[in-house]
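Undergrad: next input, structure requested:
(2 chains)
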Amino acid sequence: AQSVTQPDIHITVSEGASLELRCNYSYGATPYLFWYVQSPGQGLQLLLKYFSGDTLVQGIKGFEAEFKRSQSSFNLRKPSVHWSDAAEYFCAVGARTGTYKYIFGTGTRLKVLA
Amino acid sequence: SAVISQKPSRDICQRGTSLTIQCQVDSQVTMMFWYRQQPGQSLTLIATANQGSEATYESGFVIDKFPISRPNLTFSTLTVSNMSPEDSSIYLCSVELWDRKNNEQFFGPGTRLTVL
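TA: Model (predicted):
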C-alpha cells in the first residue's frame, strides 16, 4: 500500500541554521512527490514538487528537495532558516489507486529559535 | 493556479446538528477533493468529487455522514451530518490542475469546525 512517513514530529533549529526534513514513501511506481507548508491558521501552500527529470528540485522560499529512488526518500532542505519558516510541513505522494489522489505524511512541526 | 475560498472559515456547532461547508474555485476544474485534518494530525482524504457523478468516498467515510454536492465545475459542498465532538476538525477542499504532464493540488484555507 502507498504510504508516506515523516519520522520527525517536531524539529527545532536556530535561525540561520540549516534544515533538513525527512520524508520516505512507499509506492510501487515512479511517484509524484510534493512538499507543502501550513502556517498557523492557514491553508496549505505548495513548496515544491517532483515529477521526473532532475532529482534536485528547487522550490519557493529558498527550499529544495532531493529525490532518491534507492532510498525512497524526498527530503526537504534549506541552507539558512528564517523565523518565518516556523510552520508545519507535509510531504505527500500522488498515487493512482483507482482515482488519482494525494497521500500525506503526518507532518513535521518546525520551531525556529531566535 | 487556482484560488479557492471556503465558507464558513470557522464555526462552533452543537452535537446532533449538521453543517454545510462551501468551496468555490475561480476556474473550472474537473476534480475536487475534501480532506479532514483532525487536531494535530495530517490530512485525510474524505472523498473525491467529480462534476456530474457521485462522489467517491475513502474507506471509513460514508455518504450519509458526509454528503457532497458538485453542481458545477467551480463549486462543491460538504455536509457534516449529525455532528459529534469527534468531528471537530479542519475541513479543506482542494482542486486538481494538470499542466501538460504535471499535476498539482491547490488547497482552500480550510473550515475550522468545533463541535460541543
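Undergrad: near residue 82, how many other residues are there?
TA: Since you didn't name a chain, this refers to chain A. 12 (other C-beta atoms under 10 Å in any protein chain shown). In this view, the C-beta of every residue, glycine as well, is placed from N, C-alpha and C.
Undergrad: the intended chain is chain B.
TA: By other C-beta under 10 Å, neighbour count at residue B:82 equals 11.
Undergrad: again, but for residue B:103
TA: Neighbour tally, residue B:103, other C-beta under 10 Å: 17.
Undergrad: how about residue A:61?
TA: 12.
Undergrad: give the contact list for it.
TA: Residues in contact with residue A:61 (C-beta atoms under 8 Å, 6 or more residues apart in numbering or on different chains) are A:37, A:47, A:78, A:85.
Undergrad: identify the bridge partners of the first one.
TA: Counting by DSSP bridges, residue A:37 forms beta bridges with residue A:45, residue A:89.
Undergrad: all strands for chain B, in order.
TA: B:4-7, B:10-13, B:19-25, B:31-37, B:43-50, B:56-57, B:68-72, B:75-80, B:89-99, B:102-107, B:111-115 (DSSP state E).
Undergrad: which secondary structure elements does the third one contact?
TA: Here strand B:19-25 touches strand B:4-7, strand B:31-37, strand B:75-80, strand B:89-99, strand B:111-115, going by 3 or more C-beta pairs under 8 Å, 6 or more residues apart in numbering or on different chains; DSSP states H and E.
Undergrad: re the thing from before, for the strands of chain B, which one sits closest to residue A:7?
TA: strand B:43-50 (18.1 Å; C-beta to C-beta).
Undergrad: so how far is the helix-or-strand element of chain A with minimal mean pLDDT off the chain centroid?
TA: The helix or strand of chain A with the poorest confidence is strand A:99-104; it has a mean of 82 (mean pLDDT, DSSP states H and E). Relative to its chain's centre, strand A:99-104 lies at 15 Å (C-alpha atoms, centre = their mean, to the nearest Å).
Undergrad: and that strand, what's buried?
TA: Neighbour counts over strand A:99-104 (16 or more other C-beta atoms under 10 Å in any protein chain shown) mark A:101, A:102, A:103, A:104 as buried.
Undergrad: parallel or antiparallel, which strands does that strand pair with?
TA: strand A:87-97 (antiparallel).
Undergrad: who touches the partner strand?
TA: A:2, A:4, A:6, A:21, A:23, A:25, A:27, A:29, A:31-40, A:44, A:47, A:74, A:76, A:100-105, A:107-110, B:42-43, B:103.
Undergrad: any idea how far the closest residue to residue B:17 other than its chain neighbours lies from residue B:67?
TA: In this structure, residue B:17 finds its nearest non-sequential neighbour in residue B:83, 5.9 Å apart by C-beta to C-beta, 6 or more residues apart in numbering or on different chains. Between residue B:83 and residue B:67 the distance, using C-beta to C-beta, to the nearest Å, works out to 13 Å.
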